[in-house]
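>>> Generate a structure from the sequence data that follows.
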Amino acid sequence: MANESALISKVWNFANVLRDDGVGYGDYLEQITYLLFLKMADEMARPPYNKDIRFPKIKDTEGAEVPGGETCDWQTLSRKRGAELEAFYTQLLRTLALEKGMLGQIFTKSQNKIQDPAKLLKIIDMIGQEQWTMVGADVKGDIYEGLLEKNAADTKSGAGQYFTPRALIQAMVACVAPEPGKTIHDPACGTGGFFLAAFDYITAHHALDRDQKAFLKNQTFSGNEIVAGTRRLCLMNMFLHNIGEIDGESFISPNDALIADEGIRVDYVLANPPFGKKSSMTITNEEGEQEKQDLSYNRQDFWATTSNKQLQLPATHPSLLKITGEAAVVLPDNVLFEGGAGETVRKELMRATELHTILRLPTGIFYAHGVKANVLFFDNKPAAKEPWTKEVWMYDYRTNVHHTLKKKTMALEDLQDFIRCYNPANRHVREETYSEANPEGRWRKFRYEEIIARDKTNLDIFWLKDQSLADLDNLPDPDILAAEIIENIEAGLDSFRAIMETVHGGGEG
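Numbers count the residues shown, from 1 in each chain. Purely as a prediction, here's the structure:
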């Protein structure tokens, strides 16, 4: 077998060759996913694993087995050449999409995007030359994660909305500090970044016994992802990192987490939901009157009637948690200041949970432009007369912070001061870095009474002076300034679109 660096180089080089021929990272990534799954399933069916993995015979477009049809497996596929290869591969993808469990989820809506049989054969040969079950999970994971990030960075693919910066994920996980034997859920899991970071954290910080390892592999993680292609990438990403079984059930649901309470109750929720505002569905609570919409659904556990998904999402997270559960969730700025349903959501979040920490994030860290976001950390609590939130600690990592996706990317090291201030070992023991003597301190607490007295219970609080306004001689580099201008314009346009949608919707009523 080729050494690990040579293997990584081989996969990457072929991605570049295909890209020059008009095959994007996304299409290459999908075909790699299908073929890797088939090859690894073939290896797992042989000694020493001897798994009973059964692949179906070719089926027609109606789902009926073709008389004398060949088996949809790696051995059959790897023998094909030319036009016969292309035809069989297309039939194989269609057939496997009809299966149940992990197999069906991997191949849901699968298509052959590489029309040149010679190039398809080259990928098959490249994968066929390796024993992938013998390749370390870290190497397989590095290859796949690299392709996912390249795909996210390719703005044409639109995949950036499903990709959260790894440094941010790692910092969130480090603060929550998940423990073995506990469950972790992501209601909008994308390609599975939070799962991988939590997996790595648990294995690095705990000496796991056999039962804990089995629980971590097969019972710790669950999530929702409504986009079939993204769900496929998540499942493969997990499997390549040694999470889940190739012949097991999928732990990623295709259902929209907003539609209904599926009864899941977990120890941790880690999430970065998509930031789209408008939903075709309006959620009503038991007291709210239904807005006029084409579709609606009722959630008794929700706090307000709204069609704004950004406000719907915060209410789903406490519903997913056990009474002792903890959450760390990325949410856009408007969740902190928007009136109406937004104010209701903030008050209820502070009443029903202990909202103890907010991290203000800088611009220039997300692949989707115009995103201004924060991380909210809160602990679920039992029902009580008095609000559970007593004080909210805020860390401003936005003011006077400048990042770009290429030249000045955010690294985990950039968030170490926040992690230190958060104090994961005992978050009840904290010290402000802000004071009258140090007005530039980024870490400051606000009492519940102060927040509730603010107009609309506004949680969009900042206190640091913008140095670029005071010191024109020390402006950021031009590319950083340009990126920030784009971010602000995009954010403004997004707000205008939301207003227009509201006005347009009201006009129809």
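
>>> neighbours around Ile323, how many?
A count of nearby residues for Ile323, using other Cβ atoms under 10 Å, gives 11. In this view, the C-beta of every residue, glycine as well, is placed from N, C-alpha and C.

>>> list the contacts for it?
380-382 (Cβ atoms under 8 Å, 6 or more residues apart in numbering).

>>> would you say Val329 is within a strand?
Yes - counting by DSSP: H, G, I helix; E, B strand; the rest coil, Val329 falls inside a strand.

>>> beta partners of it?
Ala271, Leu376 (DSSP bridges).

>>> pretty sure it contacts Asn272?
Yes - with contact taken as Cβ atoms under 8 Å, Val329 and Asn272 are classed as touching, separated by 7.4 Å.

>>> Please point out which parts of stretch 18-37 sit buried.
18, 23-37 (16 or more other Cβ atoms under 10 Å).

>>> which two in these are spaced the farthest apart?
Gly24 and Phe37 (20.2 Å; Cβ to Cβ).

>>> got the contact list for Ile452?
347, 350.

>>> all helices for the stretch 401-509 of the chain, in order.
With DSSP state H, counting those that start in this stretch, the ranges of helices along the stretch 401-509 of the chain come out as 416-422, 448-452, 467-470, 478-508.

>>> what does the stretch 251-400 of the chain give?
Going by DSSP H, counting those that start in this stretch, the stretch 251-400 of the chain shows helices at 309-320, 334-337, 341-352.

>>> Only C-alpha atoms, please: export the helix or strand hosting Leu7 in PDB.
Using DSSP states H and E, the element containing Leu7 is helix 4-20. The C-alpha coordinates for helix 4-20 follow below in PDB (Å, rounded to 0.1, in the frame of the first residue of the first chain):
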ATOM      1  CA  GLU A   4      -0.200   7.900   3.700                       C
ATOM      2  CA  SER A   5       1.100  11.100   2.200                       C
ATOM      3  CA  ALA A   6       1.200   9.600  -1.300                       C
ATOM      4  CA  LEU A   7      -2.400   8.400  -0.900                       C
ATOM      5  CA  ILE A   8      -3.600  11.900   0.100                       C
ATOM      6  CA  SER A   9      -1.600  13.400  -2.700                       C
ATOM      7  CA  LYS A  10      -3.200  10.900  -5.200                       C
ATOM      8  CA  VAL A  11      -6.800  11.700  -4.200                       C
ATOM      9  CA  TRP A  12      -6.100  15.500  -4.300                       C
ATOM     10  CA  ASN A  13      -4.300  15.500  -7.600                       C
ATOM     11  CA  PHE A  14      -7.100  13.700  -9.300                       C
ATOM     12  CA  ALA A  15      -9.600  16.200  -7.800                       C
ATOM     13  CA  ASN A  16      -7.600  18.900  -9.500                       C
ATOM     14  CA  VAL A  17      -7.500  17.100 -12.800                       C
ATOM     15  CA  LEU A  18     -11.200  16.600 -12.800                       C
ATOM     16  CA  ARG A  19     -11.800  20.200 -11.800                       C
ATOM     17  CA  ASP A  20      -9.800  21.300 -14.900                       C
END
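
>>> Can you give me the buried ones in it?
Per 16+ other Cβ under 10 Å, helix 4-20 contains these buried residues: 7-8, 10-11, 14-15, 18.

>>> Check those residues against Gly340 and report the nearest one.
Ala15 (46.8 Å).

>>> Who's the closest spatial neighbour of the closest one, skipping the chain neighbours?
Tyr28 (5.1 Å; Cβ to Cβ, 6 or more residues apart in numbering).

>>> With Leu18 instead?
That would be Tyr28: by Cβ to Cβ, 6+ apart, it lies 5.2 Å from Leu18.

>>> which residues touch the one you found?
Per Cβ under 8 Å, 6+ apart, neighbours of Tyr28: 14-15, 18-19, 114, 147.

>>> In helices only, show me the buried residues of stretch 18-37.
Among the buried residues of stretch 18-37, the ones falling in helices (DSSP state H) are 18, 25-37.

>>> and Thr389, how many neighbours does it have?
With other Cβ under 10 Å as criterion, Thr389 counts 22.

>>> now swap in Lys213 and tell me
14.

>>> For the helix or strand harbouring it, the averaged confidence score.
If you go by DSSP H and E, Lys213 is part of helix 210-218. For helix 210-218, mean pLDDT is 97.

>>> got it, and stretch 161-176?
91.

>>> Ok, stretch 367-382 next?
Mean predicted lDDT for stretch 367-382 stands at 88.

>>> One more: stretch 61-68?
Rounded mean pLDDT across stretch 61-68 is 86.

>>> Name the residues that touch that stretch?
56-60, 94, 98.

>>> Now with 7 Å, please.
57-60, 98 (Cβ atoms under 7 Å, 6 or more residues apart in numbering).

>>> In the stretch 151-300 of the chain, where is pLDDT below threshold?
155-159, 162, 275-300 (pLDDT under 70).

>>> can you give me the strands for it?
According to DSSP state E, counting those that start in this stretch, the stretch 151-300 of the chain carries its strands in the segments 184-186, 221-224, 252-253, 266-271, 278-284, 295-298.

>>> Output the contacting helices and strands for the third one.
Which is strand 252-253. Packing partners of strand 252-253 (3 or more Cβ pairs under 7 Å, 6 or more residues apart in numbering; DSSP states H and E): helix 228-240.

>>> Which strands or helices does the helix it packs on pack on?
Packing contacts for helix 228-240, counted by 3+ Cβ pairs under 7 Å, 6+ apart, involve helix 25-44, helix 101-107, helix 137-153, strand 252-253.

>>> Distance check, the nearest residue to Leu92 once chain neighbours are set aside against Leu464.
Nearest residue to Leu92 in three dimensions, chain neighbours excluded: Cys72, at 4.4 Å (Cβ to Cβ, 6+ apart). Distance, Cys72 to Leu464, using Cβ to Cβ, to the nearest Å: 59 Å.
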